[in-house]
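Chemist: Let me see the structure of the following:
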Amino acid sequence: MPRVALPDGTIAYLATRHADVSRVFTDRRFSRAAAAGPRGPEWELGSLADDSLLGMDPPLHTRVRRVVANAFTARRVEGMRAEVARLVDGMIDRLEAAGPPADLIEHVSAPLPIHVISRLFGVAEEDRDRVREWSDALVGDWRADPGPPRAALAAFGELVERRRADPGDDLMSALVAAWDEQDDLTERQLVSVTAGLLAGGHESTTNQINLFLLVLARNPDQLAGLRADDPGAVARAVEELTRYVQLGSTGILLPRVTTEEVELGGVTIPAGSAVLPGVVSANRDAAVFDAPDRLDLDRHPNPHIGYGVGPHHCIGAALARMELQEALGALLRRLPGLRPAVPESELRFKPGVVVRSLEELPVTWDR
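Modeler: Have a look, this model is predicted:
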């Protein structure tokens, strides 16, 4: 197991195999709270990781997650599918009216996830563009200028206060009510959990839609065989693209710190050591996946860990999958030949963000 140097000079252990990364996610001796905490870094989501679900260990993490999980059950997500399909169709109508070419991010991949997660949280329609701006600030580079992310957290705090004063039938109201019943949960934690869920609930999905289409354009043989009118085929494609695509800027999910000496991958790791779970390499592990560097949209089974595993498995994974299935299926079905309208070398990614985010994605299609 390789050792690597972090930006502050700390030596960390890099887990790259599927089995080792899965164990880092599931073994409580690899602690997220210890990796965040008051001495945690002001980078990779900054202090948001200290107090949100990202930085909690059981049993606190279990208590908080239980409240949130009610909004993301498979039944509730499936109950939203028809509405999401209608939203996607309306957004593709506007994309068609604007082009070709037209910016996929402006018309589809950005507004769809923010609309869905805002509906779950009871965010008023007039506030949704601002929530997206605040979320963008949170996933920006805290090292370069921590001012905008901290201002965004303050803005999310005001949103929480408004919901406390005027509760409704939504996830944010449920979170506030549950929080206010506890004596040992802080307001800062409530704001961080809310901000983390809102940001995570749309930022990743937006960029998955964009990156999925780029990868499909690079693999025309796979795209040609994808039946967009077959929900099963689209669902398998979404899983394979999730495995194949590097969504995070580093390919490494949030680090853990060992709470005691532990053996991993044949290496004894001392207590207090940082361990980095390399999800991208784990999803290309030849011991688990046949021809791991090949995109195979019919791959089954597909035990990827793109959404994590264990206590910190992405709580919105079912919602993200449903949105990706509806968006990908409708785009390919309604816009034959959908592809980038400019050479990939001309596309630009936003600098200093945790998720690989394109500035814009001009697309064209066959009319």
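
Chemist: show me where the stretch 251-367 of the chain has helices.
Modeler: 279-282, 317-334 (DSSP state H, counting those that start in this stretch).

Chemist: Looking at those, which is nearest to His107?
Modeler: helix 317-334 (10.7 Å; Cβ to Cβ). C-beta: built from backbone N, CA, C; applies to glycine.

Chemist: Please compute how far that closest one lies from its chain's middle.
Modeler: Remark: helix 317-334 is offset 15 Å from the chain centroid, using Cα atoms, centre = their mean, to the nearest Å.

Chemist: Show me which residues of that helix are buried.
Modeler: Buried positions in helix 317-334, judged by neighbour count with 16 or more other Cβ atoms under 10 Å: 318-332, 334.

Chemist: Looking at those residues, which is nearest Arg163?
Modeler: Proximity of those to Arg163 (Cβ to Cβ) peaks at Leu319, which lies at 20.1 Å.

Chemist: Relative to Gly251, how far out is the residue lying closest to that closest one once chain neighbours are set aside?
Modeler: What sits nearest to Leu319 in space, not counting adjacent residues and going by Cβ to Cβ, 6 or more residues apart in numbering, is Val77, at 5.1 Å. Separation of Val77 from Gly251 (Cβ to Cβ, to the nearest Å): 27 Å.

Chemist: which one of these two has more residues nearby?
Modeler: Val77 (21 against 18; other Cβ atoms under 10 Å).

Chemist: Would you mark the buried spots in the helix or strand that one falls within?
Modeler: Assigned by DSSP states H and E, Val77 belongs to helix 74-79. Within helix 74-79, the residues that qualify as buried are Val77, counting by 16+ other Cβ under 10 Å.

Chemist: ok, which pair from the buried residues of helix 317-334 is furthest apart?
Modeler: Spatially, the most separated pair among the buried residues of helix 317-334 is Ala318 and Arg334, at 24.4 Å (Cβ to Cβ).

Chemist: Could you point out which of the helices of the stretch 251-367 of the chain sits nearest Arg164?
Modeler: Of all the helices of the stretch 251-367 of the chain, helix 317-334 comes closest under Cβ to Cβ, at 24.6 Å.

Chemist: Could you pull up the residues touching the residue most central in space within the chain?
Modeler: Closest to where the C-alpha atoms of the chain average out (Cα atoms, centre = their mean) is Ser204, at 3.6 Å. Contact partners of Ser204, counting by Cβ atoms under 8 Å, 6 or more residues apart in numbering, are 247, 320, 355.

Chemist: which of the residues you listed lies closest to Arg81?
Modeler: Using Cβ to Cβ, the contacts of Ser204 come closest to Arg81 at Ala320, 12.9 Å.

Chemist: follow-up on the earlier one: name the residues that touch the helix holding Val77?
Modeler: Residues contacting helix 74-79 (Cβ under 8 Å, 6+ apart): 70, 318-319, 322.
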